[in-house]
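Peer 1: quick one: sequence and predicted model below, then my questions.
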Amino acid sequence: MRANESNWRNALKENPFPDGQFDETIKRAVRSRIGKRGGEGMKFRSVAFVCAAAILIVFGLFYAPNMIGRTDNPEHLESRNSYYEGGELLLQVFPDPELKAGREYGYLFHFAKLVQKEIVGKELAIEAIHLGSNERVTALAPFIVGEPSSAELNMERYVVRCALPIGGLWLYEVKLDGSNYASVVLEVGEPDWTPSPTFKSGSYEMRGIEGKIGFIDPGFVARKPNKYMWHAWGAPSELEGSFEVKAVKQGTQQMISVIEGLRFGGAINDADASIPSSMSLPEPGVWRLLPFVGGRLMESIVVEVMPRETQSVTTEQLKKVTPEMTFAELLEIIGESADIGSGRTIRVYRHTGGTEIVLNYVNASETIYPDIYDTIQNIIRNE
């Protein structure tokens, strides 16, 4: 161990790049590729990040073989940013040090064995799998690697930006031409659950990430469907593909589907694309909305869901209900609660004993449904 320690300590003192390779031209190219999109926590520390990554690469070459082994059993996977095969380092990944779920962050992928000519012309893709829930997301959509610019020549490094929906251990599978090439496991931090801010676009107030994704927000009430107009900003290629929205409640890792199978339409309200939708969330509390386009998470939006209002009803009122009554006649006895439906009339009542009664109908002239009458009779019998 001491010999290895001496080796990597000495290596850290040396320039990890061949003479003249990591010059100002390359530094500018790396800065350009990393970019400065988004807000706080969404950007690298430019040259400092790249230099730190270079040092870690050298560290990995000398020291990591004694620390990290290959395993394909998900139950035994631990955080590891390097991948070895036959004792040879194939891949190292250096994420933004502030990496958390719910926002877009950058990663530096270092292909230790391949040279540029072995990558050019191949299809590169990266998929991320959450080891707790087995949720899968696209970290990098498949694309054909082109010829590098002179500034990128011989670097064998790619900067990837992606957002992941929940915190915990994630397995990143790197594929070349559809086949698994290497994988790493990274710890993704828990996100901030502060409700997302609002911003103005056109003449409307929206909730979300300004310049990225947002919607006109009339508020959320548990189990109450409502209309929400989504707006997105970005290049046409970034907004192509199926649009879906998932959601996860604070304190859980279970993602539920909220919207499926839609596609963005034309520009509106100063946004590059838009789409109308109907959404509802099942429980009160703090929720994170996760909008995906083509399987890739754009960002996330935190909303607060309020409990829906219910009207109290007594046993004496329920005893007056008969199976021949219409919904209109029933409402005369128990009163009209707020309609929380969309397309159908949905009224919610809560018996003084705690049981909930839901009236779900199309026309008030209909006779009350047998299941509703049975619910009422059960409440009376258990009183």
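Peer 2: Great, that's in hand. Being a predicted model, the structure only gives us computed values, none of them experimental. Numbering: from 1, shown residues only.

Peer 1: show me where pLDDT drops low in the protein?
Peer 2: 1-77, 115-117, 147-156, 341-343 (pLDDT under 70).

Peer 1: report the central residue of it.
Peer 2: Nearest to the mean C-alpha position of the chain, counting by C-alpha atoms, centre = their mean, stands Pro165 at 2.8 Å.

Peer 1: need phi/psi at that one.
Peer 2: The phi and psi values for Pro165, taken as degrees, to the nearest 10, are phi -80, psi -30.

Peer 1: leaving out the residues flanking it, which one is nearest to it?
Peer 2: Leu290 (4.7 Å; C-beta to C-beta, 6 or more residues apart in numbering). (Each C-beta comes from the backbone N, C-alpha and C, glycine too.)

Peer 1: secondary structure element holding the one you found?
Peer 2: Using DSSP states H and E, Leu290 falls within strand 285-293.

Peer 1: which neighbouring elements make contact with the helix or strand hosting Arg350?
Peer 2: Here Arg350 sits within strand 345-351, counting by DSSP H and E. Contacts defined by 3 or more C-beta pairs under 8 Å, 6 or more residues apart in numbering; DSSP states H and E place strand 345-351 against strand 311-313, helix 327-334, strand 356-361.

Peer 1: nearest to Ala273, out of these?
Peer 2: Closest of the helices and strands packed on strand 345-351 to Ala273 is strand 356-361, at 34.7 Å (criterion: C-beta to C-beta).

Peer 1: next, the buried residues of that closest one.
Peer 2: By 16 or more other C-beta atoms under 10 Å, the buried positions in strand 356-361 come out as 357, 359, 361.

Peer 1: list the contacts of it.
Peer 2: The contact list for strand 356-361 (C-beta atoms under 8 Å, 6 or more residues apart in numbering) reads 310, 313, 327, 330, 341, 344-351, 368-369, 372, 375-376, 379.

Peer 1: strand partners of it, parallel vs antiparallel please.
Peer 2: strand 345-351 (antiparallel) (DSSP bridges).

Peer 1: alpha carbons only: can I get the strand it pairs with in CSV?
Peer 2: Only the C-alpha atoms of strand 345-351 are listed here, as CSV (Å, rounded to 0.1, in the frame of the first residue of the first chain):
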residue,chain,number,x,y,z
THR,A,345,-69.5,15.9,-11.4
ILE,A,346,-67.6,14.8,-8.3
ARG,A,347,-68.7,15.9,-4.9
VAL,A,348,-67.0,14.7,-1.7
TYR,A,349,-68.6,14.4,1.8
ARG,A,350,-67.2,13.3,5.1
HIS,A,351,-69.4,11.6,7.7
